[in-house]
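Asks: my questions are about this predicted structure, shown below with the sequence.
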Amino acid sequence: MPSCKKDKVLITGFGPFGTHKRNSSSEAVKILPSLSLPNNIELVTKLLPVEYQVIDAKIPKMWKKHKPRLVIHVGLSSMVDKITLEQCAYNKGYCKPDNKNYYPSSLCCKTSAPDTIISSINMQEISESDILKNNNISVNVSHEAGRYLCDYIFFSSLHHIHATSKTGVAAAFIHVPPLDLPFSAADLAHQLKVIIIAMLSQMDHVQEHAES
């Protein structure tokens, strides 16, 4: 009999910060559950404030509670004009205050952790995948997530995988442009949906290759 097990995907978006009263990441993430996803995907969405200490508290709890196969964090960047896939996250350099005017005194995300952790998802491969091409989706790939809450939350999840020696799971970070520059929240949600499918497909391929 075919397996009924679903791939649980946890996807997060950020709330307002700075001059961005509507954060495109949360607006897109809020739409995702209303889209028609493949039956094998169970989607969990969370909206988070732009606060370091909240991320410290919630990320380990989310991994423990939901036991996702894939975690995708989404954040806004005014520096991009299309979806941008981040390949890696950095541990040090967090000196920009958050919405509570706080930043870690150590200037790092995790003590006794590597300076850089690379996602197991091959972002260049995702950007060139037939799944994206068939949906007319063009994305960029980046190796610099910005040393703010976007980089911080990405490193937090990658470090959780690293520290707990979890296998068969992955974390990713996606930057989206501000609303209507040029994409609407609905446009971004559709693109995120396709990228979720592409990432799970890549994970399946890697797993099948490892087991063969």
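Replies: Nice, thanks for sending it over.

Asks: state which helix of the chain is the longest.
Replies: Taking DSSP state H as the assignment, the helix of the chain that covers the most residues is helix 185-211.

Asks: mind listing what's buried in that helix?
Replies: By 16 or more other CB atoms under 10 Å, the buried positions in helix 185-211 come out as 185, 187-200, 202-203. Just so you know, the C-beta spots here come from the backbone N, C-alpha and C atoms, and that holds for glycine as well.

Asks: Gly15 touches Val54, doesn't it?
Replies: No - contact criterion CB atoms under 8 Å: Gly15 and Val54 do not qualify, at 10.1 Å.

Asks: shared neighbours, those two?
Replies: Leu48 (CB atoms under 8 Å, 6 or more residues apart in numbering).

Asks: where does Ala163 land in three-state SS?
Replies: When classified by DSSP: H, G, I helix; E, B strand; the rest coil, Ala163 comes out as helix.

Asks: what do you get for Pro97?
Replies: Three-state call for Pro97 (three-state DSSP): coil.

Asks: and if you look at the one 4 residues further on?
Replies: Secondary structure for Asn101, judged by three-state DSSP, is coil.

Asks: so who does Leu35 touch?
Replies: Residues near Leu35 by CB under 8 Å, 6+ apart: Ala189, His190, Lys193.

Asks: distance of it from Val194?
Replies: 10 Å (CB to CB, to the nearest Å).

Asks: please identify the helix or strand for the nearest residue in space to Asp151 that is not next to it in sequence.
Replies: Counting by CB to CB, 6 or more residues apart in numbering, Ala145 is the residue found nearest to Asp151 once chain neighbours are left out, at 3.9 Å. Per DSSP states H and E: Ala145 is located in neither a helix nor a strand.

Asks: got the buried residues for stretch 143-163?
Replies: By neighbour count on 16+ other CB under 10 Å, the buried set for stretch 143-163 is 145-161.

Asks: pretty sure Ser138 sits against Asp81.
Replies: No - in this structure, Ser138 is not within contact of Asp81 by CB under 8 Å, at 10.5 Å.

Asks: need the helices for the protein, in chain order.
Replies: Counting by DSSP H, one finds helices in the chain at the ranges 24-31, 52-66, 123-127, 130-134, 149-164, 185-211.

Asks: can you tell me how far Phe154 is from Ile83?
Replies: Distance from Phe154 to Ile83, by CB to CB: 15 Å.

Asks: let me fix that, I meant to ask about Asn99.
Replies: From Asn99 across to Ile83, the span is 24 Å (CB to CB).

Asks: who has more neighbours out of the two?
Replies: Between Asn99 and Ile83, counted using other CB atoms under 10 Å, the more crowded position is Ile83 (24 against 16).

Asks: just to check, that one is in contact with Ile196?
Replies: No - applying CB under 8 Å as the test, Ile83 and Ile196 come out as separate, 12.0 Å apart.

Asks: list the contacts for Ile41?
Replies: Per CB under 8 Å, 6+ apart, neighbours of Ile41: Lys6, Asp7, Val9, Ile196, Ile197, Leu200.

Asks: likewise Ala145?
Replies: Going by CB under 8 Å, 6+ apart, Ala145 touches Glu86, Cys88, Ala89, Tyr90, Asp151, Phe154, Phe173, His175.
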